[in-house]
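Engineer: The following block contains a protein sequence and its predicted model.
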Amino acid sequence: MGNIESSDEWDVATVKRVGSRLKLLRGNKSAQWLSDRTAELGYRVPTSAIAKMDSGHRRVLQLAEFLVLAAALKVPPAELLYPDLPDGEVAVLPELTVKSIQAVQWLSGEVELLPDGQVRHPDVNDTLTARARNLVELIGQLEWANLRRTAATGTGAESDLDAAHRSVMFLTGEVAYQAAELIKDGYRVDVARLPLAVRERIERLTEN
């Protein structure tokens, strides 16, 4: 795709996107609370740094900070970097905008990004079995996330329930997308065994 923004603008916009998502996911929790959570994980992100991200005034985010902040909020790192999953567009590079789910696949090494914004699997025939195995693993993660959400509902811990719910929503979208892509490539997926929310998304993704 064409030039979206200069490299400097893209750099800052990426950090702002992460900062906005951090603030949203934190809810009414303070920057000090989040800083303390990162300290508990072994790498404190200073309160001042979090406050600057909240206000959009921070231009640089270290990789170590990014990872520990995601862990502190109990969300996949990709949810901070690409918050509009699965279909929202994101400037993954200064001159390349793609769907958020495609950005996640590129980040995980599943696909190659092409200059026109399309994605390409390395070799469909060679990777079909690996992709099916990955789908099985994702389904297992979704089942576990659903169990965790049920457990959190029983304890009444709002923060744990919110984190579990976000994980379920993220994994629901990922399972549906991966299953739909396999179906399009001729692979038989036992859709009937999947949760209703996943089946509905698969139907939408494969209806064209």
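Structural biologist: Alright, I've got the coordinates.

Engineer: strands paired with the helix or strand of the chain with the lowest mean pLDDT, and their directions?
Structural biologist: Least confident helix or strand of the chain, by mean pLDDT, DSSP states H and E, is strand 119-120 with a mean of 76. According to DSSP bridges, strand 119-120 forms sheet pairs with strand 112-113 (antiparallel).

Engineer: any idea of the mean pLDDT for the partner strand?
Structural biologist: The average pLDDT within strand 112-113 is 82.

Engineer: re the thing from before, residues making contact with the least confident helix or strand of the chain?
Structural biologist: Contacts with strand 119-120, where a contact means Cβ atoms under 8 Å, 6 or more residues apart in numbering, come from 98, 102, 105-106, 111-114. Where C-beta positions appear, they are placed from N, C-alpha and C, glycine not excepted.

Engineer: longest helix in this structure, by residue count?
Structural biologist: Using DSSP state H to define each element, the chain has its longest helix at helix 124-155.

Engineer: So which elements touch that helix?
Structural biologist: Taking 3 or more Cβ pairs under 8 Å, 6 or more residues apart in numbering; DSSP states H and E as contact, the helices and strands that helix 124-155 lies on are helix 158-184.

Engineer: Counting neighbours, which bits of the helix it packs on end up buried?
Structural biologist: Buried residues in helix 158-184, counted by 16 or more other Cβ atoms under 10 Å: 159-182.

Engineer: Please apply the same query to stretch 49-68.
Structural biologist: Residues 49-54, 58, 61, 65-66, 68 are the ones in stretch 49-68 that count as buried (16+ other Cβ under 10 Å).

Engineer: Quick one: these as a markdown table, columns for distance to A197 and secondary structure too.
Structural biologist: As requested, these are exported to a markdown table (distance: Cβ to Cβ, whole Å; DSSP: H, G, I helix; E, B strand; the rest coil):
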| residue | distance to A197 | secondary structure |
| --- | --- | --- |
| A49 | 36 | helix |
| I50 | 33 | helix |
| A51 | 36 | helix |
| K52 | 37 | helix |
| M53 | 32 | helix |
| D54 | 32 | helix |
| R58 | 36 | coil |
| L61 | 32 | coil |
| E65 | 33 | helix |
| F66 | 29 | helix |
| V68 | 30 | helix |
